[in-house]
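[1] Turn this into a structure:
(chains A and B)
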Amino acid sequence: MTRRLTGYTLLVSFAFIFLYPFLLSLATTWKSRAEVAAHPVLPWPLDPSSRAWENILVHSDFPLWTINSVTVTVLATLLRLFLDSLAGYSLARLNWRGRGPVFAFVLGVLAVPPIVLTVPRFLVLKEMGLLNSYAGLVLPLAVDAVGIFIMTQFFQGLPAELEEAARIDGAGIFRTFWSVMLPLARPGLITLAILSFQGTWNEFLLPLIVVRASPQLWTLPFGLSTLGRGGAGGQTFDYPVMLAGSMLTIIPLAIVFIVLQRFFARGVVAGAVKG
Amino acid sequence: MPALAGLGLFLFAPILLALWVSFRDWSALAPLDTSTPVGTGNYQDLLIHSGIVQTDFARSLRNNLYYVLGVVPAQTVLSLLLAVVLNSKLLRGKAFFRTSFYFPSVTSSIAVAFIFVFLFSPSGVVNVLLSALLPGVVETVWLNEADGLIHIVLGWFGVGSAPGWMGADVMGLTLWDWVSGPSVAMSAVMILAIWTTTGTFMLMFLAGLQNIPEELEEAAIVDGANRRQRFFRVTLPLLRPTLFLVLTLGLIGTWQVFDQVYAMTSGGPQKTTLTPSYLIYREGFENSAMGRAAAIAFILFALILAFTGLQRLILRRNL
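    Residues are numbered from 1 along each chain as shown, chains lettered A, B, ... in the order given. Take a look at the predicted model:
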């Protein structure tokens, strides 16, 4: 009994630690600046004011940044689903020379930290003239090693008979992939779609180096970062507005997360197997 | 195949190009072919020649080292603890708790960094709670406080400045500065990192725990092992692969902290939250020293490889 009590106490206090900052921030977006200073801890507004949200939604570029974020996320995710599964299928099922080394290379790329790739990515995009363009925001995210790895694993687990049957019926390689194997890979694709959606939506480093100079191409996380960078001191920040921007960035993903949460857990575990 | 070509185009070729740039002096503004070769000059500026470049790099290494030493053990122990409690059969409402623990991990790094800037602001929640719990404590401007934790503790024991022998200079920083510990501002960034990563690692530990057959636990009970013995003798050894994975991912992740530093402190106060990753950005994209940025990136990559290798070696021996 005491053990159960300890368990619940621990769980409830950690749930509080993990959720309270979000609730407090959401409440703060409805407070006036004076109220934030007077009651910083209260997780509901005493005198609700919609000033911060009007600021964000009407008098700022946040709507534009939201459209950019949605566009980039959808395009990158679709491309990733297509290219990663094609590559995964090729690595798992087709026999071609050098398949082993290429797979090893994919695994090796998993270990290269994104920050180390910043300079190389910038170089390539600059040489290709893709800085300050949608293509520069989407293409570097269109293929990823984790996704290829997940899809390779997935295709390796599917039975070979179906594929052979399709071949005998006269279907070509792409046809077999598209009409027979891809529908079977749906669970893997859902996992991949979620990982990709989350990663692309939150991506900050790429917009920072690619579209810094073009405010009309900023995405939500990057546009948000311009509101109050380098918080030292911070007496002068307009917290309700900063937090309304943060909430606008968090809420769409939170909805996806709550609806599809069992797939999120699977994504973490699938992504983790790569170690 | 096209995807593999894409992977090659966007990953492999650029890395070679960047390696080439790291041996050149290039401003990033002029065309690439106007850059001049400087041999190992960029690497020497960072590692050997004394000067502001070397001192900043040394600072960034020191700051990130304390960050790693603080964050990795904390996130590993905390996520294991939460996973073990959640895995217990006695409790209900697990789905809710699991979701709430994991939620911070899926949110935008910039958005949660701003939430923490607010929590740690001078009149923010953290200061309000601290002064309620410990009356008389002077309120701290967390993100503006450059004093190192180890220096602060030493100060309590009357060691307020460097003893003579600690004035020795290593890579442009005195020994006394090397042992400063993470600054108060860096500690706030570390708390944010622990808060956002624990959920992910908890899910990995949960998956690992669910792979342990129940019979083993039961057998240990029959053999009269108490709960502590069961955890340390049965569960933990079987969790070794997961522990391995969590530590490796933790090390890789903490050595490249960037977004949070960018949004919360921009490397300040007094450069105590400067990290190698932030330095790559600052040198390459703000100071237009792309060759130097590339050199830092390669040193950082080597450092990450060395650390994960070291960790593998230690774990293999001790578990």
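[2] Which residue lies nearest the spatial centre of chain B?
    B:T254 (2.4 Å; CA atoms, centre = their mean).
[3] low-scoring stretches of the chain, by residue?
    Assuming you mean chain A. Within chain A, the ranges that satisfy pLDDT under 70 run A:1, A:107, A:110-111, A:229-235, A:270-275.
[4] ah, I was thinking of chain B
    Counting by pLDDT under 70, the ranges of chain B that qualify are B:1-11, B:136-138, B:317-319.
[5] longest helix of it?
    When chain B is parsed with DSSP state H, its longest helix is helix B:52-87.
[6] B:I52 and B:I296: what is the separation?
    14 Å (CB to CB, to the nearest Å). C-beta coordinates here come from the backbone N, C-alpha and C atoms, glycine included.
[7] neighbour count winner among those two?
    B:I296 (30 against 9; other CB atoms under 10 Å in any protein chain shown).
[8] Which of the three states applies to the more buried one?
    Three-state assignment for B:I296 (DSSP: H, G, I helix; E, B strand; the rest coil): helix.
[9] show me the contacts for it.
    B:L46, B:F57, B:P276, B:L279, B:I280, B:E283 (CB atoms under 8 Å, 6 or more residues apart in numbering or on different chains).
[10] Adding secondary structure, write the residues you listed out as CSV.
    Listed next are those as CSV, based on three-state DSSP:
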residue, secondary structure
B:L46, helix
B:F57, helix
B:P276, helix
B:L279, helix
B:I280, helix
B:E283, helix
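[11] hmm, back to that, any residue of the longest helix of chain B touching chain A?
    Yes - against chain A, helix B:52-87 shows contacts by CB under 8 Å from any CB of the partner chain at B:L81, B:L82, B:V85, B:L86.
[12] So the last one sits against B:F97, correct?
    Yes - shown here, B:L86 and B:F97 form a contact pair, counting by CB atoms under 8 Å, at 6.2 Å.
[13] now the nearest residue to B:V72 once chain neighbours are set aside: how far from chain A?
    Closest residue to B:V72 apart from its sequence neighbours, by CB to CB, 6 or more residues apart in numbering or on different chains: B:G250 at 4.4 Å. Distance of B:G250 to chain A, given as CB to the nearest CB, to the nearest Å: 11 Å.
[14] Assumed B:G250 was part of a helix.
    Yes - under three-state DSSP, B:G250 falls within a helix.
[15] check contacts around it.
    By CB under 8 Å, 6+ apart, the contact set of B:G250 is B:V71, B:V72, B:Q75, B:T76, B:T197, B:F201.
[16] so where do the strands sit in the stretch 151-300 of chain B?
    B:169-170, B:173-174 (DSSP state E, counting those that start in this stretch).
[17] and the ones you listed as a markdown table, adding distance to chain A and mean neighbour count?
    Shown next, in a markdown table, are those (distance: least, CB to the nearest CB, whole Å; neighbours: other CB atoms under 10 Å in any protein chain shown):
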| stretch | distance to chain A | mean neighbour count |
| --- | --- | --- |
| strand B:169-170 | 25 | 12 |
| strand B:173-174 | 22 | 16 |
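[18] Next, A:T219: phi, psi?
    Torsion angles at A:T219 (phi, psi; degrees, to the nearest 10) stand at phi -100, psi 170.
[19] What of B:P37?
    Per degrees, to the nearest 10, the backbone of B:P37 is at phi -70, psi 140.
[20] Show me what it bridges to in the sheet.
    Legend: beta-bridge partners of B:P37 under DSSP bridges are B:R24.
[21] ok, back up a step: how close does the residue nearest to B:V72 get to B:I15?
    Separation of B:G250 from B:I15 (CB to CB): 24 Å.
[22] where exactly do the helices run in the stretch 51-200 of chain B?
    Under the criterion DSSP state H, counting those that start in this stretch, the stretch 51-200 of chain B contains helices at B:52-87, B:94-106, B:109-119, B:125-133, B:149-156, B:175-178, B:184-210.
[23] Equivalent analysis for the stretch 151-275 of chain A, please.
    Using DSSP H, counting those that start in this stretch, the helices of the stretch 151-275 of chain A run over A:161-168, A:173-175, A:182-184, A:186-202, A:205-210, A:220-225, A:239-259, A:261-272.
[24] nearest spatial neighbour of A:M181, skipping sequence neighbours?
    A:M181 sits nearest to A:Y89 (CB to CB, 6+ apart), 6.1 Å away.
[25] wait, the one you found sits on A:T176?
    No - using CB under 8 Å as the test, A:Y89 is too far from A:T176 to be in contact (9.1 Å).
[26] List the contacts of A:L243.
    A:S25, A:L26, A:T28, A:T29, A:A52, B:F114, B:I115, B:F118.
[27] Check B:V184 too.
    Applying CB under 8 Å, 6+ apart to B:V184 gives the contacts B:T140, B:W142, B:E145, B:A146, B:D147, B:L149, B:I152.
[28] same deal with A:F264?
    By CB under 8 Å, 6+ apart, A:F264 lies in contact with A:I194, A:Q198, A:F257, B:Y102, B:V106.
[29] Distance-wise, check the first one relative to A:L23.
    Just to be clear, that refers to A:I194. 25 Å.
[30] Who has more neighbours out of those two?
    Shown here are A:I194 and A:L23; by other CB under 10 Å, A:I194 has more neighbours (22 against 12).
[31] There's contact between the more buried one and A:G267 in this structure, I believe.
    Yes - counting by CB under 8 Å, A:G267 is a contact partner of A:I194 at 5.1 Å.
[32] Name the nearest residue to B:S105, ignoring sequence neighbours.
    Going by CB to CB, 6+ apart, B:S105 has B:G199 as its nearest residue, at 4.1 Å.
[33] ok, now how distant is that neighbour from A:G199?
    From B:G199 across to A:G199, the span is 16 Å (CB to CB).
[34] Looking at those two, which one has more neighbours?
    Neighbours were tallied for B:G199 and for A:G199 using other CB under 10 Å; the higher tally belongs to B:G199 (24 against 19).
[35] which ones are touching B:L149?
    Contact partners of B:L149, counting by CB under 8 Å, 6+ apart, are B:S180, B:G181, B:P182, B:S183, B:V184, B:S187.
[36] can you check B:F120 too?
    Counting by CB under 8 Å, 6+ apart, B:F120 touches A:G231, B:V126, B:N127, B:W142, B:L143, B:A188.
[37] same deal with A:I190?
    Here A:I190 is in contact with A:L260, A:F263 (criterion: CB under 8 Å, 6+ apart).
[38] please redo it, this time with the cut-off set to 6 Å
    Counting by CB atoms under 6 Å, 6 or more residues apart in numbering or on different chains, A:I190 makes contact with A:F263.
[39] do the same with B:V68
    Going by CB under 6 Å, 6+ apart, B:V68 touches B:T254.
[40] what does the one 3 residues further on give?
    Residues in contact with B:V71, defined by CB under 6 Å, 6+ apart, are B:M190, B:A193, B:I194, B:T254.
[41] of all those residues, which two lie farthest apart?
    B:I194 and B:T254 (10.0 Å; CB to CB).
[42] Can you name every helix or strand that the particular helix or strand that has A:I67 in it contacts?
    Assigned by DSSP states H and E, A:I67 falls within helix A:62-93. Counting contacts by 3 or more CB pairs under 6 Å, 6 or more residues apart in numbering or on different chains; DSSP states H and E, helix A:62-93 packs against helix A:134-138, helix A:145-156, helix A:186-202, helix A:220-225, helix B:2-7.
[43] now the helices for the stretch 201-319 of chain B?
    Ranges of helices in the stretch 201-319 of chain B, per DSSP H, counting those that start in this stretch, are B:214-222, B:227-229, B:236-238, B:240-254, B:259-264, B:276-281, B:290-318.
[44] Which of the ones you listed sits closest to B:L133?
    Minimum separation from B:L133 across the helices of the stretch 201-319 of chain B (CB to CB) falls at helix B:259-264, 23.8 Å.
[45] Show me what that closest one is packed up against.
    Against helix B:259-264 (3+ CB pairs under 6 Å, 6+ apart) you get helix B:109-119, helix B:184-210.
[46] Quick one: distance of that helix to the chain centre.
    Its chain's C-alpha centre lies 13 Å from the corresponding centre of helix B:259-264 when counted by CA atoms, centre = their mean, to the nearest Å.
[47] Nice, that's everything, thank you.
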